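Asker: no sequence for this one, just the structure:
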């Protein structure tokens, strides 16, 4: 596996920590020494993991490669020693950590001493996280048990190989009627527990791009993108609404493509949900440096989308990567399923992450700014707007309905709400209106360029 991801000639194995072993291990499990000897002869390795440093597409990282042929890639005391040494080395040298996981879980022949290695791994992972170093896991076949619940699921970014068996329960300990499709890399991606399923032939460049992006942050706040749509300011509030809702108006994908040279996607809320059609999150290369992004796509944002955006901002904040958010939603999803999925808590979580972020957050409203479901993604004091956008406390139709006004008064209500981009500038809700030519240009409330 190391040869598939490491640049040729760059891997340097870390010396394994010395540990005195009693005959047949700590439990005196009869035949354990013989099993280890056979595994070593078969694989050429002395333990179930090999750890060292290597370059991946030019970025140096600590690699942790599991050898499944050595007792099923199981974790024992000596495995724990090697894993701890890898994380300690990563922190000492400020390197990202890449576990290449293939394991059936903890080693039965060492009993609870083997299981307790998971606590060591979790501690080392937490310390590495606190040190501001990224962890990118690659899930191979199989990734089960404690290896999945620590090195795998505990990573910042999770890539998986197609068809890999991934799940806490291994194939021999599941209920007999369990659906095997639920224990696959593809199922974990759909459930928001993985970020991508990557073919083996593409793994090295994809992993290399992730490593480069997560270790090369921009040093200044993200600049707001240039407007891609209508440059003229709307004359009325209702015209602003119509422009923002126009099917031909540029959406998030167009803005991200124009803004970034390349980008990767962060998918899923790690709580069983994903909203890839409603919230696009990830990291992109902007002028040779990295900016994180969370972008609404013009649909009603679901709870998983808000939680994914909150996850993105937490990670960017920890890695000192500035964030760009794009607001474009008629509002938060308000159906019964959204309530059952914790819509209120998810929106509150995102409000909190934006408010508490130490890394700079820049927001551009590119379409509809529908109430709190849009505001949760907006940076206080650093929000901008395009000429074909609006931001409102409530949709004009709903405002008229609440006020018991007839349908013919919806347009007048839109004017009363003062939702046009120039109104928002005058009210101090947004800093300015981005120009289509120069992203630093803004216009005043009459549409004239600001000095």
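Answerer: Nice, I can see it. These numbers were taken from a predicted model, which means no experiment stands behind them.

Asker: need the contact list for residue 30.
Answerer: For residue 30, the contacting residues are residue 24, by Cβ atoms under 8 Å, 6 or more residues apart in numbering. The C-beta positions use only the backbone N, C-alpha and C, and glycine is treated the same way.

Asker: and it, backbone torsions?
Answerer: Reported as degrees, to the nearest 10, the phi and psi values for residue 30 are phi -60, psi 130.

Asker: Could you report the distance from it to residue 23?
Answerer: For residue 30, the distance to residue 23 equals 10 Å [Cβ to Cβ, to the nearest Å].

Asker: Ok, residue 75 next?
Answerer: Per Cβ to Cβ, residue 75 is found 21 Å from residue 23.

Asker: Give me the more crowded residue out of the two.
Answerer: Counted by other Cβ atoms under 10 Å, residue 75 and residue 23 do not tie: residue 75 has more neighbours, with 33 against 9.

Asker: Next up, the contacts around the more buried one.
Answerer: Counting by Cβ under 8 Å, 6+ apart, residue 75 has contacts 48, 83, 103, 105-107, 114, 117-118, 121, 146-147.

Asker: Next: residue 338.
Answerer: Neighbouring residues of residue 338 by Cβ under 8 Å, 6+ apart: 302-303, 332.

Asker: any idea whether the closest residue to residue 27 other than its chain neighbours is helix, strand or coil?
Answerer: Spatial nearest neighbour of residue 27, excluding adjacent residues (Cβ to Cβ, 6 or more residues apart in numbering): residue 111 at 5.2 Å. With DSSP: H, G, I helix; E, B strand; the rest coil as the basis, residue 111 sits in helix.

Asker: Touching, residue 111 and residue 32? I think so.
Answerer: No: with contact defined as Cβ atoms under 8 Å, residue 111 does not count as touching residue 32 (11.0 Å).

Asker: Comparing the two, which residue is more hemmed in?
Answerer: Taking neighbours as other Cβ under 10 Å, residue 111 and residue 32 compare with residue 32 leading, 21 against 15.

Asker: Test my guess that the more buried one contacts residue 24.
Answerer: Yes: if you go by Cβ under 8 Å, residue 32 and residue 24 touch, sitting 4.3 Å apart.

Asker: Which neighbours do these two have in common?
Answerer: In contact with both residue 32 and residue 24: residue 109, using Cβ under 8 Å, 6+ apart.

Asker: What's the local residue count around the residue lying closest to residue 406 once chain neighbours are set aside?
Answerer: Of all residues not flanking residue 406 in the chain, residue 400 sits nearest, at 7.8 Å (Cβ to Cβ, 6+ apart). Residue 400 sits with 21 neighbouring residues when counted by other Cβ under 10 Å.

Asker: who's in contact with residue 400?
Answerer: Per Cβ under 8 Å, 6+ apart, neighbours of residue 400: 406-407, 409-410, 413.

Asker: what's the helix or strand for it?
Answerer: Using DSSP states H and E, the element containing residue 400 is helix 396-402.

Asker: Show me what whatever helix or strand comes next after that helix is packed against.
Answerer: The helix or strand immediately downstream of helix 396-402 is helix 410-417, counting by DSSP H and E. Counting contacts by 3 or more Cβ pairs under 8 Å, 6 or more residues apart in numbering; DSSP states H and E, helix 410-417 is packed against helix 237-245, helix 396-402.

Asker: Give me the buried positions along the helix or strand that helix 410-417 is followed by.
Answerer: For helix 410-417, the following helix or strand on the C-terminal side (DSSP H and E) is helix 421-427. Neighbour-count burial for helix 421-427 flags 421-425 (criterion: 16 or more other Cβ atoms under 10 Å).

Asker: got TSV for these, with distance to residue 11 and pLDDT too?
Answerer: Output for these, formatted as TSV (distance: Cβ to Cβ, whole Å; pLDDT from 0 to 100):
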residue	distance to residue 11	pLDDT
421	54	96
422	58	96
423	59	96
424	54	96
425	55	96
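
Asker: Tabulate those residues in TSV, adding columns for distance to residue 70.
Answerer: Listed next are the buried residues of helix 421-427 as TSV, based on distance: Cβ to Cβ, whole Å:
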residue	distance to residue 70
421	62
422	67
423	67
424	62
425	64
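
Asker: give the contact list for the residue nearest the centre of the chain.
Answerer: Centrality entry for the chain: nearest residue to the mean C-alpha point is residue 266, 3.3 Å, by Cα atoms, centre = their mean. Going by Cβ under 8 Å, 6+ apart, residue 266 touches 157, 195, 281-283, 308, 311-312, 315.

Asker: Over to residue 161?
Answerer: Shown in contact with residue 161 (Cβ under 8 Å, 6+ apart): 138-141, 185, 197-200, 203.

Asker: now do residue 352
Answerer: Residue 352 touches residue 310, counting by Cβ under 8 Å, 6+ apart.

Asker: Tell me how far it lies from residue 346.
Answerer: Taken as Cβ to Cβ, the span from residue 352 to residue 346 is 11 Å.

Asker: who touches both of these two?
Answerer: Joint contacts of residue 352 and residue 346 (Cβ under 8 Å, 6+ apart) are residue 310.

Asker: Residues contacting stretch 117-129, please?
Answerer: Applying Cβ under 8 Å, 6+ apart, the contact partners of stretch 117-129 are 75-77, 79-80, 83-84, 87-88, 90-91, 97, 106, 135, 146, 149-151, 154-156, 318.

Asker: can I assume residue 308 sits in a helix?
Answerer: Yes: under three-state DSSP, residue 308 sits within a helix.

Asker: circling back: in helices, which of the contacts of residue 266 fall?
Answerer: 308, 311-312, 315 (DSSP state H).

Asker: Looking at neighbours, which among those residues is most surrounded?
Answerer: Using other Cβ under 10 Å as the neighbour criterion, residue 308 leads the ones in helices among the contacts of residue 266 with 32 neighbours.

Asker: Out of the helices and strands packed on helix 410-417, which gets nearest to residue 327?
Answerer: The closest of the helices and strands packed on helix 410-417 to residue 327 is helix 237-245. By Cβ to Cβ, the value is 10.6 Å.

Asker: the inter-axis angle of the closest one versus helix 410-417?
Answerer: Put simply, helix 237-245 runs at 100 degrees to helix 410-417, going by axes from the mean of the first three to the mean of the last three Cα atoms, to 10 degrees.

Asker: Give me the helices and strands touching helix 237-245, please.
Answerer: With contacts defined as 3+ Cβ pairs under 8 Å, 6+ apart, helix 237-245 has these neighbours: strand 361-370, strand 390-392, helix 396-402, helix 410-417.

Asker: which residue packs closest to residue 72, ignoring adjacent ones?
Answerer: Here the residue nearest residue 72, using Cβ to Cβ, 6+ apart, is residue 104, at 3.9 Å.
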